[in-house]
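1. Pasting the sequence and the predicted coordinates here, then a few questions.
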Amino acid sequence: MLWVVLAVFVTFILILFVLSELIAPKKISLNGAHVLVTGGSSGIGKCLAIEAARRGASVTLLARNQARLEEARAEVQKHLADNKQQKVLCVSADVTKDFNALEKTVKQVEEEQGPITALINCAGTSMSAKFLDTPVEEFKRMMDINYLGSVLLTRAVLPSLMRQKQGRIVLVSSMAGQLGLFGYTAYSASKFALRGMAESLQMEVRPFNIQVTLAFPPDTDTPGFAEEQKSKPKETRLISESGGLFQPEVVAKSILDDMMRGRFVSSIGLDGFMLSTITAGFSPISSIMEALQQVSLMGLFRFISLFYLAHFDHTVKKCHQETEAESNKKSS
Ligand SMILES: NC(=O)C1=CN([C@@H]2O[C@H](COP(=O)(O)OP(=O)(O)OC[C@H]3O[C@@H](n4cnc5c(N)ncnc54)[C@H](OP(=O)(O)O)[C@@H]3O)[C@@H](O)[C@H]2O)C=CC1
Ligand SMILES: CCCCCCCCCCCCCCCC(=O)[C@@H](N)CO
């Protein structure tokens, strides 16, 4: 009897593995590919460009500041693989402006470097302040750059991917696009927005053999992060620190691996894994194994998250008491 149960169990697991392989998208190679990286002149975007170049792709960097683009191009150039066809191009453009101009830019870079095989939307910005300390314009600016910027570029590049009947689209969200945190009312919302867009888009483009990857990086040591640190509320800093600080090279490598495998969700570290599992919602699955993990671990991770939440709320309360004590001291 025991043998029968065991045999059924093993067969079941084997079938799952076979199914898993069948539904998993094919891993692509970047050798000879053309990867366009927005925000490619700094931080995570620059590391993504370097990583893509290492793997044999021609790279186009898109950002606004020409001087920083040139510097980044020189750096990426040092990491080219042995592929003699590889080129690194940079284009100065603002992802929030003039859709027609962006379409033209895409056409021009494709004429020079060949059709784009992967679009990585990494241009973004962050700011952190309490809700009432956040100017109304900042809410709009976050949406404009982080959300609409990705929409515009994706809109400009997708027709080419559809014609090729292949391709990858990466949208760089944030862990703060999976949960809301003190100080991120404007930023989080703009990163959450990417999720709705990504899930819908993935359902539309799957018949065209195009895979969308939604990445949720943790705090990463970049020029953008350094800028954000300058004005971060104490609460936000303390809470975020519990997630650790990652190096952009490590984050970029993990995003690129997930993109090549065609995984829908890209996260990093144990916190990243737990957070992606609890927030899986109705998102597309990239393998049977992933679905099984979500089904079996979601409840446990939700339980663990209650302790994180209690800790975050405690941090907020402590900071609040400190501020009150200080203002009492001043007024007495
Ligand atoms: N660093 C972190 O802790 C985390 C970052 N992220 C996300 O990762 C992405 C990259 O972050 P990070 O590397 O820190 O950012 P950086 O600030 O270091 O770099 C941002 C890049 O985006 C470009 N950019 C900004 N605005 C525009 C625009 N309107 N049009 C075109 N390009 C633009 C910048 O160039 P230029 O200014 O010249 O245009 C630059 O190349 C962002 O979307 C960020 O939200 C997510 C989680 C954590
Ligand atoms: C069981 C559940 C576990 C949950 C763990 C949660 C850990 C929270 C850490 C939050 C880190 C916030 C990152 C924001 C990064 C970002 O986007 C900005 N730095 C941009 O510059």
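-> Structure received. Ligands and ions are numbered 1, 2, ... in the order given.
2. how much space is there between Ile116 and ligand 2?
-> In this structure, Ile116 lies at 26 Å from ligand 2, with C-beta to the nearest ligand atom, to the nearest Å as the measure. Glycine gets a C-beta too; all of them are placed from N, C-alpha and C.
3. Can you tell me how far Ala63 is from ligand 1?
-> Ala63 is 3 Å from ligand 1, by C-beta to the nearest ligand atom.
4. pLDDT wise, what is the nearest residue to that residue once chain neighbours are set aside at?
-> Take Ala63 and drop its neighbours on the chain: the residue closest to it by C-beta to C-beta, 6 or more residues apart in numbering is Ser41, 4.0 Å away. For Ser41, the model assigns a pLDDT of 98.
5. now do the one 10 residues further on
-> The predicted local confidence for Glu51 comes out at a pLDDT of 98.
6. likewise the one 5 residues further on?
-> The confidence metric pLDDT takes the value 95 at Gly56.
7. Check whether it really touches Ala33, as I assumed.
-> Yes - look at Gly56 against Ala33 with C-beta atoms under 8 Å: they come within range, at 7.3 Å.
8. Compare these two (neighbour count), which wins?
-> Neighbour totals were compared for Gly56 and Ala33, and Ala33 leads with 22 against 17 (other C-beta atoms under 10 Å).
9. Now do the more buried one against Pro207, distance only.
-> Separation of Ala33 from Pro207 (C-beta to C-beta, to the nearest Å): 21 Å.
10. repeat for Leu153
-> As for Leu153, its distance to Pro207 is 22 Å (criterion: C-beta to C-beta).
11. Then Ile120?
-> Look at Ile120 and Pro207: by C-beta to C-beta, they are 22 Å apart.
12. Neighbour count for these two, which is higher?
-> Neighbours per residue (other C-beta under 10 Å) separate Ile120 from Pro207, with Ile120 holding more: 31 against 9.
13. Of all residues in the stretch 1-150 of the chain, which one is closest to ligand 2?
-> Ser126 (3.7 Å; C-beta to the nearest ligand atom).
14. Can you point out the buried residues in the helix or strand hosting Pro159?
-> Using DSSP states H and E, Pro159 sits within helix 149-164. Residues of helix 149-164 classed as buried by neighbour count (16 or more other C-beta atoms under 10 Å): Gly149, Ser150, Val151, Leu152, Leu153, Thr154, Ala156, Val157, Leu158, Ser160, Leu161, Met162.
15. Then stretch 116-132?
-> Judged by neighbour count (16+ other C-beta under 10 Å), stretch 116-132 contains these buried residues: 116-129.
16. distance between the ends of that stretch?
-> By C-alpha to C-alpha, to the nearest Å, the extent of stretch 116-132 from end to end equals 42 Å.
17. What of stretch 90-97?
-> Taking C-alpha to C-alpha, stretch 90-97 runs 18 Å from one end to the other.
18. near ligand 2, which residues of the stretch 151-300 of the chain show up?
-> Contact residues, the stretch 151-300 of the chain versus ligand 2 (C-beta under 6 Å from any ligand atom): 174-176, 181, 218-219, 224-225, 228, 240, 242-243, 271, 274-275.
19. Using ChimeraX, define a selection of the buried residues within those.
-> With 16+ other C-beta under 10 Å as the criterion, this ChimeraX line picks the buried residues out of those:
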select :174,175,176,181,218,219,224,225,228,240,243,274,275
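20. Go back to the residues of the stretch 151-300 of the chain next to ligand 2 and keep what's next to ligand 1.
-> Subset of those in contact with ligand 1: Ser174, Asp219, Gly224, Phe225, counting by C-beta under 6 Å from any ligand atom.
21. Give the burial count for Ser267, as a bare number.
-> Here the number of neighbours of Ser267 (other C-beta under 10 Å) works out to 24.
22. quick one: contacts for it?
-> By C-beta atoms under 8 Å, 6 or more residues apart in numbering, the contact set of Ser267 is Met175, Ala215, Phe216, Phe273, Leu275, Ser276.
23. Which two among those residues are spaced furthest apart?
-> Ala215 and Phe273 (13.6 Å; C-beta to C-beta).
24. Have a look at these two and say which one is more surrounded.
-> Neighbours per residue, other C-beta under 10 Å: of Ala215 and Phe273, the larger number sits with Ala215, 30 against 14.
25. got a list of what the more buried one touches?
-> Val170, Leu171, Val172, Ser173, Ile255, Asp258, Ser266, Ser267 are the contacts of Ala215 under C-beta under 8 Å, 6+ apart.
26. Tell me the spacing between it and ligand 2.
-> Using C-beta to the nearest ligand atom, one gets 11 Å for the distance from Ala215 to ligand 2.
27. Test of understanding: give the bridge partners of that residue.
-> Val172, Ser266 (DSSP bridges).
28. which SSE is the residue nearest to Ala118 when sequence neighbours are not counted in?
-> In space, and not counting its chain neighbours, Ala118 is closest to Arg168: 4.0 Å by C-beta to C-beta, 6+ apart. For Arg168, the host element (DSSP H and E) is strand 167-172.
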